[in-house]
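take a look and give me a structure for this.
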Amino acid sequence: MLTSSYVSFEIYLEITKKKAQYGRYIDTKLWDQFQSLALPNARFRFYNADNTLISRNGRDFDFDSLSSFVDWWSEFFKNAQTLHMFGPPEMSLQSEDEVFVSWSMEDQLCFQGTAN
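Numbering: from 1, shown residues only. Model (predicted):
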């Protein structure tokens, strides 16, 4: 039985470390190391500030597996220099083995061959 929605300090630190690695591995294109961060069946969803799913040019930013996420983003960022920055996380314990986490995020993307 879950008695508190608070995440322990140890879990908080581990999740925060993984998120920092997430940004660093993407920015340095270390896709093999990136794949060690999540389970193969992890689902990645990206939302707008109004809690609607982000969609661009007919592509929903909803990836049903780690491999589909890596395949799409590694190709999209192939000719880009990226910088991902994350705000402090909001975390709440959903069950004994599940934590809901929300971050604000800003990214900078510079693609080769585009004008300044």
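
which intervals of the protein have sub-threshold pLDDT?
Along the chain, the model assigns pLDDT under 70 to residues 1-3, 114-116.

residue contacts, the residue positioned nearest the centre of the chain?
Ranked by distance to the mean C-alpha position of the chain (C-alpha atoms, centre = their mean), the top residue is Tyr22 at 6.4 Å. Shown in contact with Tyr22 (C-beta atoms under 8 Å, 6 or more residues apart in numbering): Phe34, Leu37, His84. Every residue, glycine included, has its C-beta placed from N, CA and C.

quick check: closest non-adjacent residue to the first one.
Right, the one you point to is Phe34. Tyr25 (3.9 Å; C-beta to C-beta, 6 or more residues apart in numbering).

what number of residues lie near that neighbour?
Residue crowding around Tyr25 was assessed by other C-beta atoms under 10 Å; the count is 18.

just confirm it is within a helix.
Yes: residue state for Tyr25 (DSSP: H, G, I helix; E, B strand; the rest coil) corresponds to a helix.

on that earlier part again, phi and psi next, for the residue nearest to the centre of the chain.
Tyr22 has phi and psi values of phi -50, psi -50 when expressed as degrees, to the nearest 10.

from Glu96, how far out is it?
With the distance defined as C-beta to C-beta, to the nearest Å, Tyr22 ends up 24 Å from Glu96.

for Lys18, give me its contacts.
Under the criterion of C-beta under 8 Å, 6+ apart, the contact partners of Lys18 comprise Leu37.

in stretch 85-94, which residues are buried?
Met91, Leu93 (16 or more other C-beta atoms under 10 Å).

end to end, how far does that stretch reach?
26 Å (C-alpha to C-alpha, to the nearest Å).

show me where this structure has strands.
Shown for the chain, the strands assigned by DSSP state E span residues 44-45, 55-56, 59-60, 62-63, 80-86, 90-95, 98-102, 105-111.
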